[in-house]
Structures are given as C-alpha cells and as structure tokens.
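Visitor: Coordinates only, no sequence provided:
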C-alpha cells in the first residue's frame, strides 16, 4: 500500500509503498519492519526516484 511517510523508515514527505494495517477508513498504521542496511538503502533510493519524478513532472507542467 502506498502511504505518506512522516519519519517512518527515516523518510519524510514522500508517498511510497510500505506495509500498512488497513481498516474501514483506510490506513490505520504503517508497519515499520526491521530492514537490513541494503534494504533500507534500496528504499531510500526508491524514495529519491519518486521525488525526482515529481520534480520532473512539475517542471513539464510549468513549461507547458
């Protein structure tokens, strides 16, 4: 489930797929699993890619 992270996994202000507990009203909590250093690095690389793609999209829109 894609969730807005606010400090979980050491990430802020990014929406990315992480394990979540769902309820009737949507996400109840984000499940923060213990990651190896390599897994955490991969997650941070993915978050950086998401941010870069958002920035590129905003640039395209501004120049449209």
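Guide: Sure thing, it's come through. Predicted model, so just to flag it, every value in this text is computed and none were measured.
Visitor: What backbone torsions are found at the most centrally placed residue in the chain?
Guide: By CA atoms, centre = their mean, the chain has its centre lying nearest to residue 16, at 2.5 Å. Dihedral angles phi and psi of residue 16 (degrees, to the nearest 10) take the values phi -150, psi 160.
Visitor: While we're on the closest residue to it other than its chain neighbours, how confident is the model there?
Guide: Once flanking residues are discounted, residue 16 sits nearest to residue 47: 5.4 Å by CB to CB, 6 or more residues apart in numbering. For the C-beta atoms, the positions are set from N, CA and C on the backbone; glycine is no exception. If you check residue 47, the pLDDT there is 97.
Visitor: May I have the secondary structure class of residue 47?
Guide: At residue 47 the chain is in helix, as set by DSSP: H, G, I helix; E, B strand; the rest coil.
Visitor: where along the protein do the strands fall?
Guide: Secondary structure of the chain, counting by DSSP state E: strands at 2-6, 12-17, 20-23, 26-30.
Visitor: if you average pLDDT over the last one, what comes out?
Guide: Looking at strand 26-30 alone, the average pLDDT works out to 97.
Visitor: and it, what other elements does it pack with?
Guide: Strand 26-30 sits against strand 2-6, strand 20-23, with contacts defined as 3 or more CB pairs under 8 Å, 6 or more residues apart in numbering; DSSP states H and E.
Visitor: The same query, at a cut-off of 6 Å, please.
Guide: Helices and strands touching strand 26-30, by 3 or more CB pairs under 6 Å, 6 or more residues apart in numbering; DSSP states H and E, are strand 20-23.
Visitor: wouldn't the residue nearest to the centre of the chain be in contact with residue 45 here?
Guide: No. Residue 16 lies out of contact with residue 45 (CB atoms under 6 Å); the separation is 10.9 Å.
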